[in-house]
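Novice: Below is the sequence, then the predicted model.
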Amino acid sequence: MSADLPPLSRSVEDYLKVIYALSEQGAAASTSGIASTLDVQPASVSGMIKRLAESGYVQHIPYRGVKLTDQGTREALRIVRRHRVLETYLSQRLGYSWDDVHDEAERLEHAASDELIDRMATALEDPRHDPHGAPIPTRSGDVETTDHPSLAEVEAGERVRIRAVRDDDSDRLRYMEARGLLPGVLLKVEARAPFNGPVTVRVGGEDGVAQTVGHGLATRIRVAPDEPENPS
Ligand SMILES: [Zn+2]
């Protein structure tokens, strides 16, 4: 379907991916948000955004930032699919640990063809989530919605299941794994301190081990109310 499209440059791919990630929660992506995520100067972000708008990938939202157009979203989802299939393949087939796959996927996603990615996905029987719980867009560009609340927003007394965790910091992932904070795990929220204080959870449910999760970490853990799990 997209075989005859010219390949995008690496920096265009990185911008589309970052704008997609920043706007996943519904808001527009601001210039300053893009600049700090990509670790570049706001002035160079403005230049690139102008080019992306001229190419039809993004649309300006006055005073708020930019939003991907339908065309921009399609391209962003192709890159996100490449990244997440690579992470899953590295972890399931090549023995990488989940805290190690992100940087490798960041490099490979720009080089891998959609053909290679599709073959990897087929070899893995079309996984629906990457090792961090993030949904993998399908070949045709459909993706599960990801507007799950973070653990920091859950009230005491609720039972939730971890859906996804942020994948961009290996040390953080190792810390979480050591405490059993993995996608699919059930949490009973025991207490939530006010003023962005820590959240106390029981890992695995009522009888589980109590863990204190700082606010910063809790905002990086996406959860959903506990329901019978769909196989994935
Ligand atoms: Zn990643």
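Specialist: Noted; the coordinates are in hand.
Novice: When you work out contacts or count neighbours from here on, use the C-alpha atoms and nothing else.
Specialist: OK.
Novice: Which residues outside the helix or strand hosting residue 118 are in contact with it?
Specialist: Assigned by DSSP states H and E, residue 118 belongs to helix 114-123. Contact with helix 114-123 is made by 78, 82, 85, 86, 89, 127, 139, as judged by Cα atoms under 8 Å, 6 or more residues apart in numbering.
Novice: can I see the domain layout of this protein?
Specialist: Using automatic domain parsing, the domains assigned to the chain come out as 1-145, 151-225.
Novice: gap between the most centrally placed residue in the chain and residue 21?
Specialist: The residue lying closest to the centre of the chain (Cα atoms, centre = their mean) is residue 134, at 5.3 Å. Distance, residue 134 to residue 21, by Cα to Cα, to the nearest Å: 11 Å.
Novice: just residue 102 next, same as before
Specialist: Residue 102 is 15 Å from residue 21, by Cα to Cα.
Novice: Those two: which is more packed in?
Specialist: Set side by side, residue 102 and residue 21 show more neighbours around residue 102, with 23 against 16, by other Cα atoms under 10 Å.
Novice: wait, that one sits on residue 88?
Specialist: No - with contacts counted by Cα atoms under 8 Å, residue 102 stays clear of residue 88, the gap being 9.9 Å.
Novice: what about residue 211, is that helix, strand or coil?
Specialist: What DSSP: H, G, I helix; E, B strand; the rest coil gives for residue 211 is strand.
Novice: Tell me the bridge partners for it.
Specialist: With DSSP bridges applied, residue 211 shows beta-bridge pairing to residue 201.
Novice: Run a quick neighbour tally on residue 77.
Specialist: Neighbour number of residue 77 under other Cα under 10 Å is 22.
Novice: Do you know the pLDDT at it?
Specialist: The score at residue 77 is 96. That number is its pLDDT.
Novice: next one: residue 2
Specialist: Reported pLDDT for residue 2: 44.
Novice: what's the answer for residue 95, then?
Specialist: The model's pLDDT for residue 95 equals 96.
Novice: what about it, how many residues close to it?
Specialist: By other Cα under 10 Å, the residues close to residue 95 number 11.
Novice: That one falls within a strand, correct?
Specialist: No - counting by three-state DSSP, residue 95 is not part of a strand but coil.
Novice: and it, backbone torsions?
Specialist: Here is the backbone geometry of residue 95 (degrees, to the nearest 10): phi 80, psi 10.
Novice: Can we start the residue count at 695 from this point?
Specialist: With 695 as the first residue, the last one maps to residue 789.
Novice: Residue 782 versus that one, what's the distance?
Specialist: For residue 789 relative to residue 782 (Cα to Cα), the value is 10 Å.
Novice: again, but for residue 763
Specialist: 28 Å.
Novice: Looking at the two now, which is surrounded by more residues?
Specialist: Shown here are residue 763 and residue 782; by other Cα under 10 Å, residue 782 has more neighbours (26 against 15).
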